[in-house]
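S.K.: structure for the following, please:
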Amino acid sequence: MTAIAETSPPSAVPAVDSTNRLCVRLWLYAVLVTLFALVIVGGATRLTDSGLSITEWKPIHGVIPPLSEAEWQEELEKYRQIPEYQQVNKGMSLDAFKTIYWWEWGHRLLARGVGFVFALPLAFFWLTGRLERRLKPKLLGILGLGALQGAIGWWMVASGLVDRVDVSQYRLATHLTIACVIFAAVMVVARGLAPHSGGRAVPRVQSFAGWLVFAVLVQIYLGGLVAGLDAGMTYNTWPLMDGAIIPQGLFAQSPAWLNLFENPKTVQFVHRLGAYALLLLAVWHCVETWRGAPGSTHARRAVVLLLLICIQAAIGIATLLMVVPLGWALAHQAMALVVLGFAAAHWRAAKGAYPPETRVELRS
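M.R.: Model prediction:
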């Protein structure tokens, strides 16, 4: 009689070889590239005020764009019914409408593409036995987050179709943050499958690296609020804001907490504070990691992370001073993803690679 059971390494044999890990990892890297493109196109869609150009949610039929002049006129007529057209873009020509339509259509097409790039290979790896058991719940969780993100995307768009001329900043920030959570989760799984040369870091370094990932996500959420309120278009000076280190009128609205989400001045100021806090955390992490293990792989990665955050801060300041030109704003968003991805990979590396999944035959 033969049975299969989990056991400790001594008499164990690898159940999943390094080739399978490499294939899964390369697939996840392809997912990361697609997600990166999706977030950048989403940023361009917001910055060009294109997000409300498609007023219906058609997950299947919506993949086909207008193919005739009559269909384009029909889409434009739907757009004419919403407040953004009536109060902001009244009289927009068909050619101008096509420009904003293509941005939103491209964003939605990429979102569908991410679903296929993730789900189809997942099914293949799963059904052919190439996935380690520990990965299955993680990857199913990411797939579920992706489905939720699609619903959140429409929930965001719907907020701008009736009483507003743009989408809710709350929903925009949520949509952006969930996309970044998915990006970070995919990076963590991919990095856990990669060979690790540095071993595991000490627990305090692992913990701090994890909190840095959380801090980056919080800063991205704050950036989503800034984008949703167009708060970066005002107070375009640095280091002073409205002529002061701490500007007046931060809590002009009542109740006071509302200013953190709806007062453009307060939202931009808090985003600035978040950047300073993240930079200080990265400096502290770098010093502590280097002090504990000078010259180690983890210490060198902490230095790289600090440098990436400094570059991101410089791009953010330049974007603000130039009053948010499209190219610089997209560079700022792209660099935020680079920082997040590296922080997530650094955290997973500090915890070490996933141990090989093993099985052993027990004979009786």
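S.K.: so which elements touch the longest helix that the chain contains?
M.R.: If you go by DSSP state H, the chain has its longest helix at helix 94-127. Helices and strands touching helix 94-127, by 3 or more C-beta pairs under 8 Å, 6 or more residues apart in numbering; DSSP states H and E, are helix 18-47, helix 69-79, helix 135-158. The C-beta positions use only the backbone N, C-alpha and C, and glycine is treated the same way.
S.K.: can you give me the mean pLDDT across that helix?
M.R.: Helix 94-127 shows a mean pLDDT of 96.
S.K.: and it, which residues are buried?
M.R.: 97-98, 100-101, 103-111, 114-115, 117-118, 121-122, 125 (16 or more other C-beta atoms under 10 Å).
S.K.: so what's Ala334 up against?
M.R.: For Ala334, the contacting residues are 36, 40, by C-beta atoms under 8 Å, 6 or more residues apart in numbering.
S.K.: where's it, which helix or strand?
M.R.: helix 326-351 (DSSP states H and E).
S.K.: what angle do helix 18-47 and that helix make with each other?
M.R.: 150 degrees (axes from the mean of the first three to the mean of the last three C-alpha atoms, to 10 degrees).
S.K.: determine how far helix 326-351 lies from the middle of the whole chain.
M.R.: Helix 326-351 sits 9 Å away from the centroid of its parent chain (C-alpha atoms, centre = their mean, to the nearest Å).
S.K.: list the buried residues in it.
M.R.: 328-337, 339-351.
S.K.: avg pLDDT for that helix?
M.R.: 97.
S.K.: ok, which stretches of the stretch 251-364 of the chain are helices?
M.R.: 259-262, 264-292, 297-321, 326-351 (DSSP state H, counting those that start in this stretch).
S.K.: of those, which is nearest Glu56?
M.R.: helix 326-351 (26.7 Å; C-beta to C-beta).
S.K.: comparing the helices and strands packed on helix 94-127, which comes out most buried?
M.R.: helix 18-47 (a mean of 18; mean count of other C-beta atoms under 10 Å).
S.K.: that one packs against which elements?
M.R.: helix 94-127, helix 169-192, helix 203-229, helix 326-351.
S.K.: any idea how many residues pack against Glu357?
M.R.: 16 (other C-beta atoms under 10 Å).
S.K.: that one contacts Glu132, correct?
M.R.: Yes. Counting by C-beta atoms under 8 Å, Glu357 touches Glu132, with 4.4 Å between them.
S.K.: ok, Tyr101 touching Gly51?
M.R.: No. Applying C-beta under 8 Å, one finds Tyr101 not in contact with Gly51, separated by 10.8 Å.
S.K.: report the contact partners of Val218.
M.R.: Gly274.
S.K.: tell me which of the helices of the stretch 251-364 of the chain sits nearest to Glu77.
M.R.: The nearest among the helices of the stretch 251-364 of the chain, by C-beta to C-beta, is helix 326-351 at 28.2 Å.
S.K.: three-state assignment of the closest residue to His298 other than its chain neighbours?
M.R.: Spatial nearest neighbour of His298, excluding adjacent residues (C-beta to C-beta, 6 or more residues apart in numbering): Ala201 at 4.6 Å. With DSSP: H, G, I helix; E, B strand; the rest coil as the basis, Ala201 sits in coil.
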